[in-house]
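*Asks:* Here's a sequence, model it:
(chains A and B)
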Amino acid sequence: MSRVQLEISLGVLLVLATGTILIYQGLLEEERMARFEEQQRAQAIEVGAELFDINCKGCHGPQGEGTPGLCPPLNDKYFFTDRLKDVGWSGSIEDYVVATVASGRLTSTRPELYPGNVRPAMPAWSEQYGGPLREDQIRFIAAFVANWEATAPDRQRAPVLAGPPVGTDITQELPVGDAVKGETLASSQGCVGCHVAGPTGPPWNPTADQPGIGDRAAARLTQSDYSGNADTPDQYLLESIVNPAAYLVPGYETVLMPGTYGQTITAQDAADLIAYLLTVK
Amino acid sequence: MLKSLNFQDIRKKAAEAFDNRVRIITAGMGLDELRAVVRGDPPTEKPNPRYKVHTTSFLFHIRPRYYEKGSTLFAHTFRLGFFTSFFFFVELFTGLILMIYYTPSPAEAYNSILELMSNVPFGQVLRDLHRIGAEGMVIFSVLHMLRTFLTGSYKKDRTFTWLTGVFLLGITLFLSFSGYLLPWDQLSYWAVTIGTSMAEAAPLFGTQVNLLLRGAPDIGAGGLLRFYLIHVVLFPLLAIWVISIHYYKVAREHGISLPAKMEEGNISPEVKKEGKQRIDYIPDLLTHEVFLTALGLFVLIAMVTLFNWHAPLEHVANPQQTPLDTKAPWYFWWLQGMLKIDPASIIENLFSKVGLQVELSALLNSKQIMGIVLPTVLGLLLLAVPYIDRNPHRSLYKRPVAVGFGLLFTLVIVVLSYMGLPQYGIQTPAATRIIQDLAPEEGSGPLREIPFDQLRVGVYEVGDSIPRNLCPDEPEGCPALTGVFAEFSRRVNFAADNEKLEPYQRLPNAQAVMLIEDWQQDLRKVTLRILWDDVATGSPKNYERHLFLHRAHGAE
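*Replies:* Numbering: from 1, shown residues only, chains lettered A, B, ... in the order given. Have a look, this model is predicted:
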């Protein structure tokens, strides 16, 4: 066989082999494209989780459990079954999340449940409306939120209160508090959503100007402008939680804190929180 | 009547008419001749009809009628130039198709890549081919140049061809680099940001050049459109133009050089005659080229399908967030390596050794010198190689100085490229380094490669002993998770116990933990955290990274 013939035969074989590979690949293409789309979906959820962790968990909770009286839970059965019907939304749940996150909410749609007391009720997050996030990032967050659908617990209909609510009577005898549990509660109940952490930690920590909340509470009782009814630091802290309007610290004259905590936390939780706060001197 | 109908005659006339059509299509060769060509037989007519093709067909006209046998030896050229142009054509064809699916705007570019991957049959194959072709073109043009240098083929009549070749190398690099930005992911965005920032170092007009390239102080819509147009119009046209000059010189003027051992010195007339023996283009070289093309396509297709070589795609470009370990494309690592050298401080150190104190840092701008002046000098040196090297010999053994310099140059480029890696010369703090190596901000990394089911929820604290199996209660265990955790422990312990390391590499009193939490359906959160005492102040420090891993993420 001459070199020309050899090269022609080998070349034909190579072309056939290449063709075979391409046909085989062509048969797999549908599956590959579907898999790629699935991976993209997975990545969107991963990135969305990261963005949620940075931007949203302050109010809506690290696990989307929401903040009572302030921010609705998103990891919630109602949100996926009835919310769209209630607001008359015709698109998908993801579109609804995208629209809300992008443009925010000027006023609360459920003032009786989430009065919010802040204007706007939810800030706009899209770059287009002066927020920090790009449109694709908002889509990722929506993908992450939508992924709660299958496992969302029923929070709306059965509020989880492990005991009787604490009420608004500040003179009552509270159970013995556990400071360690209180510290966990302070972050899980969404306090830090509004009481934003500064360079020295949450605002009840001591700073350069003033001591921790434990000492602050004791000092404020004795101030001449104190208008509340508390006689001890314990009572002062309980009053601040369940009846925040009783006394307003100078500089914070508008009541921003919801007055509903008397109904939404148990006496035990309140005792734990107070025990924790009193340890912060 | 019947007598005039001669069937023999009709048959002959039909055959002749058919033969004529064939001659028109093949630009000169009849049926018998075609048959002889395919069989590798000698020409059937005189004058040789195979040469006629070269005058009547444009594409054959620009190809040579024959090569001298010596220049066709495989070990002489390794077909490097051929494959460089092969890759160029691969780029042209795949690029043209990719243009159908691509939109050059920041809002759409990345999505159009995703769309190509998820909704276009063979979309991934096309993208991979275009990428591997680009890498191949850079590699083969560099090797081609090295071969030309080593065989001394730039001498005498070929000096101008060498010059066009150096220009082609530059065009190839910039063609590849300008395409780098187009996917608009983190990898491309930051690599090009680094690349264009070098232009800024140019004296007098650096800022303007940078502005002209980027279209704004930062790369945005304007910059992307500019890079796109440069990539699909300007540089391809330039390349076609210069390739034409380069190739025409070789094919029509001086041919491919003969090996020095067939041309130079005291050699027998037989060897000389053998070397100059003509090998006709049709059929020998033509079949060879078609064969090489088939081979090249086969290898490329096999690489991107059977061997899973894929073009990388990271997260969408985010101008607000620079990922750790950002680097230029690999063929510019040498430039990044050079930028890590500060000539002023080197000279100052030298002088201080002999007891002299000099202050040069204000005089010598290291970015200007290493990023602009030296690369320009290197480029000019390459261009001037035929004029600097006046040695008439071409044999390797008779030009030891030139070959020595060539090898030294290659070695320096390799070393500089190594120095360009983010792992060299940049003092990343130990905690950041360890976590980045296990779970890089972009790309995959060992932690992300752990199968989802092995990410067993729990708190894993790094202790003195490295665990053999993190999930002893499961029959299969979790080798991948255990492996990553063992690596994490090993490196934290090394940095904690080894007091001889540089301060930035140490982690005194280190406490490290890996936390795996169930986060959502099919989603787990992994936290890597290291706490340690600062070497200088002793105050506690910590570094941590959170990763969210979805079950379908790495579904291969």
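
*Asks:* check contacts around B:Ala27.
*Replies:* By CB atoms under 8 Å, 6 or more residues apart in numbering or on different chains, B:Ala27 lies in contact with B:Lys52, B:Val53, B:Thr56, B:Ser57, B:Phe60. C-beta coordinates here come from the backbone N, C-alpha and C atoms, glycine included.

*Asks:* so how far is chain A from the fourth one?
*Replies:* Between B:Ser57 and chain A the distance is 20 Å, computed by CB to the nearest CB, to the nearest Å.

*Asks:* Report the separation between that residue and B:Ala496.
*Replies:* 74 Å (CB to CB, to the nearest Å).

*Asks:* Show me the helices in the stretch 51-200 of chain A, by range?
*Replies:* Remark: helices assigned in the stretch 51-200 of chain A by DSSP state H, counting those that start in this stretch are A:57-60, A:77-81, A:83-87, A:93-103, A:135-146, A:179-188, A:191-194.

*Asks:* Okay, domains of chain A per the record?
*Replies:* A:57-151, A:179-279 (automatic domain parsing).

*Asks:* Rounded mean pLDDT for stretch A:56-67, please.
*Replies:* Stretch A:56-67 carries an average pLDDT of 84.

*Asks:* Any idea how far apart the tips of it sit?
*Replies:* 12 Å (CA to CA, to the nearest Å).

*Asks:* Pull out the buried positions in it.
*Replies:* A:Cys56, A:Lys57, A:Gly58, A:Cys59, A:His60, A:Gly61, A:Pro62, A:Gln63, A:Gly64, A:Glu65, A:Gly66, A:Thr67 (16 or more other CB atoms under 10 Å in any protein chain shown).

*Asks:* The fourth one touches A:Gly69, doesn't it?
*Replies:* No. In this structure, A:Cys59 is not within contact of A:Gly69 by CB atoms under 8 Å, at 11.3 Å.

*Asks:* one step back: between the contacts of B:Ala27, which has the most around it?
*Replies:* B:Val53 (23 neighbours; other CB atoms under 10 Å in any protein chain shown).

*Asks:* ok, then the element right after the one helix or strand that one maps to?
*Replies:* In this structure, B:Val53 sits in helix B:49-56 according to DSSP states H and E. With elements assigned by DSSP H and E, the helix or strand that comes after helix B:49-56 is helix B:58-61.

*Asks:* mean confidence score for that next one?
*Replies:* Here the average pLDDT along helix B:58-61 is 90.

*Asks:* Report the buried residues of it.
*Replies:* Quick answer for helix B:58-61 (16+ other CB under 10 Å): B:Phe60.

*Asks:* Sheet partners, orientation included, of whichever helix or strand comes after it?
*Replies:* Under the assignment DSSP H and E, the closest C-terminal helix or strand after helix B:58-61 is strand B:66-68. Strands that pair with strand B:66-68, judged by DSSP bridges, come out as strand B:278-280 (antiparallel).

*Asks:* still on that earlier bit, quick one, which of the helices of the stretch 51-200 of chain A is nearest to chain B?
*Replies:* Distance to chain B, taken as CB to the nearest CB, is lowest for helix A:135-146 among the helices of the stretch 51-200 of chain A, at 6.1 Å.

*Asks:* tell me the most buried of the helices of the stretch 51-200 of chain A?
*Replies:* When the helices of the stretch 51-200 of chain A are scored by mean count of other CB atoms under 10 Å in any protein chain shown, the highest mean neighbour count falls to helix A:135-146 (a mean of 22).

*Asks:* now the helices: where do they sit in the stretch 301-450 of chain B?
*Replies:* B:333-339, B:343-353, B:366-368, B:374-383, B:385-388, B:400-419, B:430-438, B:445-449.
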